[in-house]
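Participant: generate coordinates for the sequence data below:
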Amino acid sequence: MFLRIFLLLGIIVCVASADNGFRCDYTYDDDAYGWLKYQKVPANWHDARLRCHLEGAVLASPLNFRMRKAMLRMTKANFDIFTGYHATFSKEDYHSVEGLPVDKYAQWVTGEPDNWENSEDCLYMTSSGNLGDMNCELTRPYICYKKYNPKDRRNECGTIDSDYHFYNSTGSCYKFHRVPRKWSRAFMACTAEGGYLAIINSKTEAKAIAAIFAKNPATSMVGHFWKDVAFVGFHDWGEHGEYLTIEGQTLKEAGYDLFSPGEPNNSTTGEYCGSVYRTALLNDLWCENSYAFICEKDPKSLVC
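Facilitator: Have a look, this model is predicted:
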């Protein structure tokens, strides 16, 4: 009787862990003791690691037999995939992104690892579960993994990321990223988090953006970059001089087109990406430089 109760409680815990889940685009797996997401679009190893990280997960590795089974189930054993194992810090010293060495029971592809031409620092897993080394700049599908943590709970923004905050005045959630990135990487980060680079749709929302900026003074940001401006969701789409939001609307159609005096000015040429000053007035900015950025998220997105 005691055993039945124990097993039943175990099932309830597993179901509860899945229901209180990490993200709806991830699938809970008992063998992995966490959530997995198969990323079908191939990427190089560095971009794969980054996307998993930005989604709040890690690039999955077959750390043990059960994790290997879970990963093979996720891919349906159809493709070679990148793992989180790498030797990018030190040649031939393969560790997972969590810092764990390759499982001593791991099976290798015949002749691997061979570090062909001294350029193979990342490990892939075959459809049979064997490991091999390959160039990190090649592209493969991959799996992101989030280990179960009973403390993780989705907030009112539909995410476990506590840096997202809901604003009643706009009905949206926002996150201010103090770590600077290029505009394209900022776009990637917001998308990976289940949101998008913020689009200002009204003066009311501009006030919210100014308030968010005020909560993130320059002294709270580490590094040498301009800290009185942040990337937001508009761009010239390659047609220099005409700015559209990332949803294809003109700024006027979107509801807010107030630029700072003298802007946009395409200073020294190359300012093709959208940004906002602490005053919430708009500005054009260099896409390839790194700045803070603001993500916006619908509270209902990624809610199961």
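Participant: and the gap between the nearest residue to Lys215 once chain neighbours are set aside and Asn216?
Facilitator: Closest residue in space to Lys215, ignoring its immediate chain neighbours: Phe176 at 7.2 Å, by C-beta to C-beta, 6 or more residues apart in numbering. Glycine gets a C-beta too; all of them are placed from N, C-alpha and C. Distance, Phe176 to Asn216, using C-beta to C-beta, to the nearest Å: 5 Å.
Participant: same deal with Glu296?
Facilitator: 15 Å.
Participant: now do Ile143
Facilitator: Taken as C-beta to C-beta, the span from Ile143 to Asn216 is 34 Å.
Participant: ok, the two, which is more surrounded?
Facilitator: Applying other C-beta atoms under 10 Å to Ile143 and Asn216 shows that Ile143 carries more neighbours, namely 28 against 17.
Participant: what are the phi and psi values for the closest residue to the more buried one other than its chain neighbours?
Facilitator: Distances taken as C-beta to C-beta, 6+ apart place Ala60 nearest to Ile143, at 4.1 Å, with adjacent residues excluded. Here is the backbone geometry of Ala60 (degrees, to the nearest 10): phi -70, psi 140.
Participant: surely Ala60 is in contact with Met67?
Facilitator: Yes: contact criterion C-beta atoms under 8 Å: Ala60 and Met67 qualify, at 7.4 Å.
Participant: need the overlap of contacts for the two.
Facilitator: Here Ala60 and Met67 share the contacting residues Ala32, scored by C-beta atoms under 8 Å, 6 or more residues apart in numbering.
Participant: what average pLDDT does stretch 254-268 get?
Facilitator: What stretch 254-268 shows for mean pLDDT is 89.
Participant: ok now it, how far from the chain's centre?
Facilitator: For stretch 254-268, the separation from the chain centroid amounts to 29 Å (computed by C-alpha atoms, centre = their mean, to the nearest Å).
Participant: burial count for the residue nearest to Ile143?
Facilitator: Ala60 has 31 nearby residues by other C-beta under 10 Å.
Participant: show the contacting residues for it.
Facilitator: Per C-beta under 8 Å, 6+ apart, neighbours of Ala60: 32, 36, 52, 67, 71, 83-84, 142-145.
Participant: go on, Phe82?
Facilitator: Contacts of Phe82 (C-beta under 8 Å, 6+ apart): 43, 45, 48, 59, 122-124, 140-142.
Participant: contact partners for the residue most central in space within the chain?
Facilitator: Centroid-nearest residue in the chain, with C-alpha atoms, centre = their mean: Leu54, separated by 2.1 Å. Leu54 is in contact with 188-189, 192-193, counting by C-beta under 8 Å, 6+ apart.
Participant: how far away is it from Phe187?
Facilitator: Leu54 is 11 Å from Phe187, by C-beta to C-beta.
Participant: in the stretch 1-150 of the chain, where is pLDDT below threshold?
Facilitator: Applying pLDDT under 70 to the stretch 1-150 of the chain flags the ranges 1-20, 77.
Participant: and if we set it to 90?
Facilitator: Scanning the stretch 1-150 of the chain for pLDDT under 90 picks out 1-22, 24, 75-79, 92, 103-105.
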